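In: the following block contains a protein sequence and its predicted model.
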Amino acid sequence: MTDKTDLSQNDGSAEKDPKDWTTGDEDATPAQKSYMSTMAVEAGEAVPDSLTKAEASEKIHELQQKTGRDDSTERP
């Protein structure tokens, strides 16, 4: 019998928490920085220049919610 991970204990996604990423402490990627910059302007916020990949991912999620670009909602 194959051991299967029970996803019912979380939100049902198989995504890892950014804090658990093996590369999470590396510098944010240029793509992350660009996306954050765009959304920060829309949200009227400043984003620190030196964020890790994990921190950038969390900030992106926060900004998506503030700007209505929340990636958890279905788009047409």
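Out: Received, thanks. Values in this document were obtained by computation on a predicted structure and should not be read as measured data.
In: so the spatially most central residue of the chain is in which element?
Out: By CA atoms, centre = their mean, the chain has its centre lying nearest to S57, at 3.0 Å. Here S57 sits within helix 53-67, counting by DSSP states H and E.
In: about what we covered before: for the residue nearest to the centre of the chain, which non-adjacent residue is closest in space?
Out: P18 (4.2 Å; CB to CB, 6 or more residues apart in numbering). Just so you know, the C-beta spots here come from the backbone N, C-alpha and C atoms, and that holds for glycine as well.
In: now do the same contact list for that neighbour.
Out: G24, K53, A54, E55, S57, E58 (CB atoms under 8 Å, 6 or more residues apart in numbering).
In: isn't the residue nearest to the centre of the chain right up against A31?
Out: No: S57 lies out of contact with A31 (CB atoms under 8 Å); the separation is 11.3 Å.
In: identify all contacting residues around stretch 20-35.
Out: P18, M36, S50, L51, T52, K53, A54, E55, A56, S57, I60.
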